[in-house]
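Student: next comes the sequence, and after it the predicted model I'd like to discuss.
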Amino acid sequence: MIRVLVVDDDFMVAKVHSGFVAKTPGFVVVGVAHTGNDALRMVAELEPDLVLLDIYLPDIDGLTVLRRIRTASAVQTDVIVISAANDIDTIRGTMRGGVLHYLIKPFTFGALYDQLQHFAALHTRLGALTEAGQGDVDQVFGSRPRGAAPLPKGLTPQTAELVARVLRSADPDMSAADCAVAAALSRVSARRYLEHFTETGRAEVRLRYGGTGRPERRYRWVED
């Protein structure tokens, strides 16, 4: 299990983020901190694999927390920033601090899920190597999960997240009708979301031919 520390000054937001992590296979929340000093103490005590770090904290800001994590020689942890801060100086500061990604609030479960899955893939790959060739390095530094594309008019993030979750569970794929039943949507609505995911590269579609009539479109989620 990949051990995660959630850092956010808002108790309810921290609870939501912890719930997102708990819903992601292979991840477990080992602690929640609401101040920068608590975050640093818990990083030292718990030694998490990953920290989900807010920038706006009541005592010391997230950039300072990040710098102190990086200068603590005994701490080996990675960081994904989750914050409402969208100014360029903050974003540059986190990049220079070596964060893996930066999610701007608010975001969907799907956006965080993709980043966690990407981290899990890197974690597994690097853990299996003793030395890396250029191809391994290129994959680690070059592969990035695709960001969630803007939704077309009439589609909502909440329903998109629901359809994505249903599609991820398909074994190995599903039709629009199957998805509509599982998500409690109309077939037309389910197809709109499925086609959006296909157009943005987050899903693949194949045609299944029967005896007569049009071939059935079968959808499969594309893992990063």
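Tutor: Structure received.
Student: in terms of helices and strands, where is the residue most central in space within the chain?
Tutor: Centroid-nearest residue in the chain, with CA atoms, centre = their mean: residue 112, separated by 2.4 Å. Here residue 112 sits within helix 109-127, counting by DSSP states H and E.
Student: what do you get for residue 65?
Tutor: helix 62-71.
Student: what helices and strands are in contact with that helix?
Tutor: helix 36-46, strand 50-53, strand 78-83, helix 88-96 (3 or more CB pairs under 8 Å, 6 or more residues apart in numbering; DSSP states H and E). Quick note: C-beta positions are derived from backbone N, CA and C, even for glycine.
Student: strand partners (parallel or antiparallel) of the third one?
Tutor: In this case it means strand 78-83. Looking at strand 78-83 with DSSP bridges, its partner strands are strand 50-53 (parallel), strand 101-104 (parallel).
Student: and the spatially closest residue to residue 28 that is not a sequence neighbour, how many residues sit next to it?
Tutor: Excluding its sequence neighbours, the residue lying closest to residue 28 (CB to CB, 6 or more residues apart in numbering) is residue 1, at 4.6 Å. By other CB atoms under 10 Å, 9 other residues sit near residue 1.
Student: ok, so what distance separates residue 222 from residue 209?
Tutor: Per CB to CB, to the nearest Å, residue 222 is found 22 Å from residue 209.
Student: tell me which of those two has more neighbours.
Tutor: Set side by side, residue 222 and residue 209 show more neighbours around residue 222, with 13 against 9, by other CB under 10 Å.
Student: pretty sure residue 69 contacts residue 75?
Tutor: Yes. Contact criterion CB atoms under 8 Å: residue 69 and residue 75 qualify, at 5.7 Å.
Student: who's more crowded, these two?
Tutor: Legend: neighbour count by other CB under 10 Å for residue 69 and residue 75, higher for residue 69 (21 against 15).
Student: how close does the more buried one sit to residue 112?
Tutor: Distance, residue 69 to residue 112, by CB to CB: 20 Å.
Student: relative to residue 36, how far out is residue 57?
Tutor: Residue 57 is 4 Å from residue 36, by CB to CB.
Student: quick check: neighbours shared by the two?
Tutor: Common neighbours of residue 57 and residue 36, using CB atoms under 8 Å, 6 or more residues apart in numbering, are 7, 65.
Student: output the lowest mean pLDDT helix or strand found in this protein.
Tutor: Least confident helix or strand, the chain: helix 134-142 with a mean of 64, by mean pLDDT, DSSP states H and E.
Student: what's the first helix or strand after that helix?
Tutor: Where DSSP H and E defines the elements, the next helix or strand beyond helix 134-142 is helix 157-168.
Student: if you count contacts, what does that following helix end up packed against?
Tutor: helix 109-127, helix 176-183, helix 187-199, strand 216-221.
Student: quick one: average confidence on the longest one?
Tutor: The average of the pLDDT scores along helix 109-127 is 82.
Student: circling back: of all the helices and strands packed on helix 62-71, which lies closest to residue 107?
Tutor: For residue 107, the closest of these is strand 78-83, at 7.7 Å, according to CB to CB.
Student: how far does the closest one sit from the chain's center?
Tutor: 11 Å (CA atoms, centre = their mean, to the nearest Å).
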